[in-house]
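1. how would this look folded up:
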Amino acid sequence: QVVLAESGGGLVQAGGSLRLSCAASGLPFSIYNMAWFRQAPGKEREFVASITRNSNNRDYADSVRGRFTISRDNAKNTVYLQMNNLEPEDTAVYYCAGVVGVSRRSSDYVYWGQGTQVTVSS
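-> Below you'll find the predicted structure:
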């Protein structure tokens, strides 16, 4: 059984930082490209960042580029999202997801976590 377990969400003031983690089990983590998506109330789920299996390539949504950093540790089967200079518009449930290919489309991702809430107050 594949499990992706996110952690690290919470309430933070604008300008603050959070580090999300996603621990994977039940899949060959090192062959999967991993990504973070987010979904705000009343909005569609949107791509945030992705990282290839060997960390050679990283992709970011324009809205977070320069503020967020995605990384992974294949020895720990974990992917991270460091979020700096947070803005109220970053408030959402954040999900990690895994895919064999490379994509920004949520429909292409096979495995999903349950999500972790990030709330940024102004």
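2. pLDDT wise, what is the most centrally placed residue in the chain at?
-> The residue lying closest to the centre of the chain (C-alpha atoms, centre = their mean) is W36, at 2.3 Å. Per-residue pLDDT puts W36 at 98.
3. hang on, it packs against V48?
-> Yes: in terms of C-beta atoms under 8 Å, W36 counts as a neighbour of V48; the distance is 4.3 Å. No exception for glycine: its C-beta is placed from N, CA and C like everyone else's.
4. residues contacting the residue nearest to the centre of the chain?
-> L20, C22, V48, A49, S50, I70, V79, L81, Y94, Y95, C96, A97 (C-beta atoms under 8 Å, 6 or more residues apart in numbering).
5. Considering the residues you listed, which possesses the most neighbours?
-> Among these, V79 has the most neighbours (other C-beta atoms under 10 Å), with 31 neighbours.
6. And it, how close does it get to R72?
-> According to C-beta to C-beta, to the nearest Å, V79 and R72 sit 4 Å apart.
7. just E44 next, same as before
-> 25 Å.
8. follow-up on the earlier one: what residues are shared contacts of V79 and R72?
-> M34, I51.
9. so what's the closest residue to A35 other than its chain neighbours bridging to?
-> Leaving aside its chain neighbours, A35 sits nearest to S50 (3.8 Å; criterion: C-beta to C-beta, 6 or more residues apart in numbering). Note on S50: beta-bridge partners by DSSP bridges are A35, D59.
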